[in-house]
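J.: Sequence isn't available, so here's the structure alone:
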């Protein structure tokens with residue numbers, strides 16, 4: 001197609017409706033603002049409230065349950081709408097454009113396949129190169145350190161090209177790679193169009209950014225989240241992003257009033273927002289570098305650019321925020337004084353930080369709630385369209401209802417491409433989205449998308465012709481203490497919820513869902529509930545699985561038969577958490593078969609995790625060591641009482657539980673850690689608690705500790721300098737019986 005436009009889809013992560021400057025935010029985003037000024041800003045775009053589901057909608061044009069993406073891929077189950085496996089009949093935009101002569105590039109976050117398929121064992125058919133992308137550079141899971149990312153290049157793992165000390169940051173790296181992909185092809189075939197799907201890790205936690213970017217915002221958020229909302233809402237009215245008569249949603253009951261916080265808590269929270277703002281501005285800056293590159297190469301005017309966030313701002317930092325998001329997922333928050341002690345480290349390589357709920361709520365101004373929930377704060381997102389060669393309008397706002405499933409049909413529409421009947425011999429399902437290209441130059445055009453359902457973790461909603469019905473789980477109470485995240489839904493629960501807890505809003509006149517009309521318009525509410533069930537029946541939503549925590553705790557299905565023994569070798573790829581042996585809360589052993597040369601050796605034998613949390617088994621200063629990093633709050637360590645002799649030896653670590661986990665209070669199984677050389681006990685210690693739920697990010701690595709070091713006792717990657725034949729992890733519970741040690745343990749408990 002001569003003159004066919006390039007396609008650039010930019011998908012941000014956890015960026016709220018009220019966080020771009022052009023949506024009223026005080027955060028500086030000049031390059032996104034310039035796209036709005038030179039194109040269109042949509043005020044009524046919707047997603048699914050969660051990343052993998054929304055991303056599947058964008059690339060397929062089908063609803064998320066029909067894609068098997070009811071939740072993030074780490075939480076896939078066996079239900080058809082929940083299995084995390086996008087069927088081949090739901091073709092990707094990359095597969096469609098590949099048939100029409102486009103180069104196709106995926107750069108950044110993928111998160112579109114079951115986690116147990118992310119390893120070197122494959123299968124690779126759901127990796128980016130298996131779904132129509134010719135090149136890939138990024139990470140496969142849900143999040144990654146911006147300083148030490150888990151990188152994949154095409155179909156294999158790679159190390160970052162530099163270290164944080166050398167100035168490395170993932171966003172800059174991704175943009176560099178995107179530009180190189182484009183340049184590689186353009187120098188050979190300058191007239192061949194490209195489709196670039198660019199998905200930075202920003203602004204998902206960790207909020208990692210060079211300190212100078214955060215420092216630009218010193219003092220800018222000292223007046224708190226309530227003031228942020230008021231300022232942003234006023235700007236939104238001035239800009240026309242919301243109607244002049246719109247009402248701001250009420251103060252969220254889960255968010256403390258800013259003035260109720262102590263001075264120290266306000267200081268910490270303000271700094272966390274400074275870091276987030278710097279992170280978003282830093283991202284905007286590097287997106288600007290890509291836009292400048294397109295201008296320099298003459299491609300900018302004829303590139304259809306769409307910018308969207310995958311859901312509302314994230315509340316995964318907890319009510320106080322955290323220096324380490326892993327604490328949130330392990331239910332082990334640190335006290336304020338521990339967070340304050342690290343305030344100057346926020347955003348740097350030693351943290352995995354996330355801001356408090358108050359900034360989440362403010363970031364979704366003017367709406368209520370946030371990511372993971374189906375109020376508009378979870379599902380209404382910033383959306384920009386820019387295409388000078390194809391759109392006459394400049395700097396205008398479009399208020400038509402749209403959803404992420406509409407992006408693919410719109411791209412096909414402007415390219416003049418019909419959805420393919422087959423892809424690689426597989427008959428294709430109909431698209432669920434509709435094109436909004438007719439709104440590009442007609443601000444008064446009616447939306448063609450009239451009905452849209454939502455369901456995430458049991459939270460439900462439906463939009464239909466300007467009305468909106470919402471059903472929070474498990475009813476009207478918002479308090480987290482009364483509403484455990486991921487609590488399962490029973491049929492009795494569902495009957496009660498349907499009878500009593502749906503809410504109704506006329507969003508055409510009440511954009512922020514401030515007036516619940518369920519009692520005044522009961523017949524309309526009943527109509528909307530019935531319509532939700534009709535849509536749910538179409539798209540594999542039923543049965544509803546509202547669980548989340550339970551799905552984190554269970555072991556994932558594997559591509560091989562279940563086993564209790566795993567053998568690893570050095571020089572192999574890192575194992576993602578989903579395929580690594582699950583050692584948490586159970587007896588286990590780690591045995592390394594090594595040759596120690598004359599003069600000794602040192603280095604990591606086996607480790608899992610990062611400086612945010614994990615464990616490591618290693619040799620240093622001639623001694624055998626084990627360290628368990630409990631979400632950066634405690635470091636349990638044991639060393640051998642004697643040196644490891646030269647020659648071939650079996651070096652072994654054992655963990656024997658001595659109690660039960662207390663996961664509700666963030667405590668994994670207590671136990672006894674023991675070190676052995678050739679079956680002889682050489683070190684032991686009691687660990688009063690361990691990590692209860694998850695080590696993430698960072699996988700399991702043999703012979704080295706790539707990325708950030710699990711323990712400060714050594715510098716990464718600390719490769720083993722002797723000969724490491726194998727390392728075997730055994731989960732059978734078959735531990736060495738050591739009578740003297742047993743006696744000492746029992747005596748110590750008297």
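T.: The structure has been received and is ready for your questions. Computed from a predicted structure; not experimentally measured.
J.: going forward, measure contacts and count neighbours with C-alpha atoms only.
T.: Fine.
J.: Only the buried residues of the helix or strand hosting residue 268, if you could.
T.: Assessed by DSSP states H and E, residue 268 sits inside helix 263-296. The neighbour-count check on helix 263-296 (16 or more other CA atoms under 10 Å) flags 265-291, 293-294 as buried.
J.: counting contacts, what elements does it pack onto?
T.: Counting by 3 or more CA pairs under 8 Å, 6 or more residues apart in numbering; DSSP states H and E, the packing neighbours recorded for helix 263-296 are helix 30-37, helix 170-186, helix 211-215, helix 336-340.
J.: and of the ones you listed, who's closest to residue 304?
T.: Among those, the nearest to residue 304 by CA to CA is helix 30-37 (11.0 Å).
J.: Would you mind listing the buried residues in that closest one?
T.: Neighbour-count burial for helix 30-37 flags 30, 31, 32, 33, 35, 36, 37 (criterion: 16+ other CA under 10 Å).
J.: tell me the contacts of the residue nearest to the fifth one when sequence neighbours are not counted?
T.: By the measure of CA to CA, 6 or more residues apart in numbering, the closest residue to residue 35 outside its immediate chain neighbours is residue 386, 5.9 Å from it. Contact partners of residue 386, counting by CA atoms under 8 Å, 6 or more residues apart in numbering, are 35, 36, 38, 39, 40, 303, 304, 305, 306.
J.: would you turn the residues you listed into CSV with distance to residue 606 and pLDDT?
T.: Formatted as CSV, the contacts of residue 386 follow (distance: CA to CA, whole Å; pLDDT from 0 to 100):
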residue, distance to residue 606, pLDDT
35, 48, 98
36, 49, 98
38, 53, 98
39, 52, 98
40, 52, 98
303, 47, 98
304, 47, 98
305, 45, 98
306, 43, 98
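J.: Tell me, what's the model's pLDDT at residue 434?
T.: Listed pLDDT for residue 434 reads 98.
J.: would residue 570 count as being in a helix?
T.: No. According to DSSP: H, G, I helix; E, B strand; the rest coil, residue 570 belongs to no helix; its state is coil.
J.: how deep is it tucked in, by neighbour count?
T.: Neighbours of residue 570 under the rule other CA atoms under 10 Å: 20.
J.: excluding its backbone neighbours, what's nearest the most centrally placed residue in the chain?
T.: Nearest to the mean C-alpha position of the chain, counting by CA atoms, centre = their mean, stands residue 142 at 3.6 Å. Excluding its sequence neighbours, the residue lying closest to residue 142 (CA to CA, 6+ apart) is residue 111, at 5.5 Å.
J.: Give me the distance between the one you found and residue 297.
T.: Distance, residue 111 to residue 297, by CA to CA, to the nearest Å: 31 Å.
J.: who has more neighbours, the two?
T.: Using other CA under 10 Å as the criterion, residue 111 and residue 297 rank with residue 111 on top: 24 against 12.
J.: where's the more buried one, which helix or strand?
T.: Using DSSP H and E, residue 111 falls within no helix or strand.
J.: Surely it touches residue 140?
T.: Yes. Contact criterion CA atoms under 8 Å: residue 111 and residue 140 qualify, at 5.3 Å.
J.: which residues does residue 540 contact?
T.: Listed by CA under 8 Å, 6+ apart, the contact set of residue 540 reads 65, 66, 68, 80, 81.
J.: let's see it at 6 Å
T.: Going by CA atoms under 6 Å, 6 or more residues apart in numbering, residue 540 touches 65, 66, 81.
J.: Can you give me the distance of residue 470 to residue 378?
T.: 12 Å.
J.: that older thread, enumerate every residue touching the residue nearest to residue 142.
T.: 52, 140, 141, 142.
J.: 7 Å instead, please
T.: When contacts are counted by CA atoms under 7 Å, 6 or more residues apart in numbering, residue 111 touches 52, 73, 140, 141, 142.
J.: May I see those residues organised as a markdown table, with distance to residue 420 added?
T.: As requested, the contacts of residue 111 are arranged in a markdown table below (distance: CA to CA, whole Å):
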| residue | distance to residue 420 |
| --- | --- |
| 52 | 24 |
| 73 | 27 |
| 140 | 27 |
| 141 | 29 |
| 142 | 30 |
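J.: ranges for the helices of the stretch 251-400 of the chain?
T.: Ranges of helices in the stretch 251-400 of the chain, per DSSP state H, counting those that start in this stretch, are 263-296, 325-329, 336-340, 357-363, 376-379.
J.: Okay, angle between the first one and helix 170-186 too, please.
T.: Spelled out, it's helix 263-296. Interaxial angle, helix 263-296 versus helix 170-186 (axes from the mean of the first three to the mean of the last three CA atoms, to 10 degrees): 10 degrees.
J.: Next, work out how far apart the residue nearest to residue 35 and residue 38 are.
T.: Distance from residue 386 to residue 38, by CA to CA: 7 Å.
J.: cool, and residue 286?
T.: Distance of residue 286 to residue 38, computed by CA to CA: 19 Å.
J.: where in the stretch 1-150 of the chain is pLDDT low?
T.: 1 (pLDDT under 70).
J.: Report the contact partners of residue 52.
T.: Contact analysis of residue 52 by CA under 7 Å, 6+ apart lists 69, 71, 72, 73, 111, 112.
J.: where do the helices sit along the stretch 651-750 of the chain?
T.: Secondary structure of the stretch 651-750 of the chain, counting by DSSP H, counting those that start in this stretch: helices at 739-748.
J.: Fine by me, we can end here.
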